[in-house]
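Undergrad: Got a sequence here, can you model it:
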Amino acid sequence: MYHGVTPDPQDKAAGPQQPSTSSDGRDAKKERVLHTRVPAVLERELKRFADNLRVPVSNLVRTILEDAVSVADAATENVEERLKMAARHLEKERERIKKRIEHDPLEGIVAFQDVVLAVPATCAKCGIELARGVKAHMGIGESPGHPRRFVCQDCLPRA
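TA: This is a model prediction of the structure:
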């Protein structure tokens, strides 16, 4: 694996790669040769640049590739973090909008009438169980056929 980015198919079969050890006990670099075709103009520019730096072209190309991979890794991490932040922001906004447009269970009710329940019911606002014989308030809808809704004393709208 090179910079933790490009896996070698042989590395997967062999498991985690361990640095090889030379006969004198020092770790030897396990490097590979990469052949590639480049336009003549690019070859001339690489050779000129390497001459100016007084380094071999292969070292220059290796350094350029290592830097490119590092920059790509950093850019990917930055983009991932920005996407995660955007997703968190969207989730918060979605929840905020959802709360704003949630259906008000008392929507369409124009008045309340005090009643004593003959059957058990549930408060339309808080969901508490209202037993038979309990004093509650029945919502009167603005149009005929409006669903019947009851509220407990705590959920009755105040002036």
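Undergrad: Now do the phi/psi pair for E66.
TA: Here is the backbone geometry of E66 (degrees, to the nearest 10): phi -60, psi -40.
Undergrad: Roughly how far does it sit from P39?
TA: E66 is 22 Å from P39, where distance means C-beta to C-beta, to the nearest Å. Just so you know, the C-beta spots here come from the backbone N, C-alpha and C atoms, and that holds for glycine as well.
Undergrad: So between these two, which is more surrounded?
TA: When neighbours are counted by other C-beta atoms under 10 Å, E66 and P39 differ, and E66 comes out ahead with 12 against 8.
Undergrad: That one and E31, how far apart?
TA: Per C-beta to C-beta, E66 is found 12 Å from E31.
Undergrad: Which neighbours do the two have in common?
TA: Contact criterion C-beta atoms under 8 Å, 6 or more residues apart in numbering; residues shared by E66 and E31: none found.
Undergrad: which residues of the chain fall in helices?
TA: All helices of the chain, identified by DSSP state H, fall at 9-14, 40-53, 57-101.
Undergrad: among the ones you listed, which gets the worst mean confidence?
TA: For the helices of the chain, mean pLDDT drops lowest on helix 9-14, to a mean of 50.
Undergrad: okay, now A124: neighbour count?
TA: So A124, with other C-beta under 10 Å, has 19 neighbours.
Undergrad: This protein - how does it break down into domains?
TA: 29-101, 109-151 (automatic domain parsing).
Undergrad: which of those sits most buried?
TA: Stretch with highest mean neighbour count among those: domain 109-151 (a mean of 14; mean count of other C-beta atoms under 10 Å).
Undergrad: Start and end of it, how far apart?
TA: Using C-alpha to C-alpha, to the nearest Å, one end of domain 109-151 lies 11 Å from the other.
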